[in-house]
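Visitor: Generate a structure from the sequence data that follows.
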Amino acid sequence: MPRSPGRPWNRFWCAYGTTEPVQDGYVTIDVEVDFAFDGDRRVGAAGFTGDDAGHLFPVHSGRMGGGVPGLNQKAIRACVHRCCGSIKNVQWRGQKVEVIRIARLGDSELPKRFGQFVRQIQESKAECRETGQ
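Guide: As a prediction, this is how the structure comes out:
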């Protein structure tokens, strides 16, 4: 992702979508899962957290951009929870927060679960655009 002039690089930019490239070669971005270079910084909406057994999980706060009316953290968490995500209260970045836990790193289901997460975000955005809520 091109950096804005004067703004430092502070995260990995990981954009996901479900559409084929259109004629000009662009694809629609449905969700970004941007991990900070430094795990203690509150940039981006993604990170990693662990469980008591020592497993690591990619997590997402549910924070979305894009200006879709009605699409907020609460709505995203509710939609993702119905589909595929596990909503957990975790200690993350020095605070107790509620996050969407996507799947365990190393689990053979990780790609499938990540895909379900992206598709659910896409469907949630489409629903919010249609209903305006």
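Visitor: distance of the residue lying closest to E98 once chain neighbours are set aside from L110?
Guide: Distance criterion C-beta to C-beta, 6 or more residues apart in numbering; nearest residue to E98, sequence neighbours excluded, is N89 at 5.5 Å. For every residue, glycine as well, the C-beta is placed using N, CA and C. Taking C-beta to C-beta, to the nearest Å as the measure, N89 falls 22 Å from L110.
Visitor: the more surrounded of the two?
Guide: L110 (15 against 9; other C-beta atoms under 10 Å).
Visitor: Now the nearest residue to the more buried one once chain neighbours are set aside: which helix or strand?
Guide: Spatially, and ignoring its direct neighbours in sequence, L110 is nearest to A103 (4.4 Å; C-beta to C-beta, 6+ apart). Under DSSP states H and E, no helix or strand contains A103.
Visitor: do the same with K88
Guide: Per DSSP H and E: strand 86-92 holds K88.
Visitor: you'd agree N89 is up against K96?
Guide: Yes. Between N89 and K96 there is a contact under C-beta atoms under 8 Å: 6.1 Å.
Visitor: remind me, longest helix of the chain?
Guide: What stands out as the longest helix in the chain, according to DSSP state H, is helix 110-131.
Visitor: got the angle between it and strand 86-92?
Guide: Calculated by axes from the mean of the first three to the mean of the last three C-alpha atoms, to 10 degrees, helix 110-131 forms an angle of 100 degrees with strand 86-92.
Visitor: What about I76, how many residues nearby?
Guide: The burial count for I76: 24, using other C-beta under 10 Å.
Visitor: Checking it next. Helix, strand or coil?
Guide: At I76, secondary structure determined by DSSP: H, G, I helix; E, B strand; the rest coil is helix.
Visitor: by contact count, what packs against the strand holding K88?
Guide: strand 46-50, strand 56-60, helix 73-83, strand 95-101 (3 or more C-beta pairs under 8 Å, 6 or more residues apart in numbering; DSSP states H and E).
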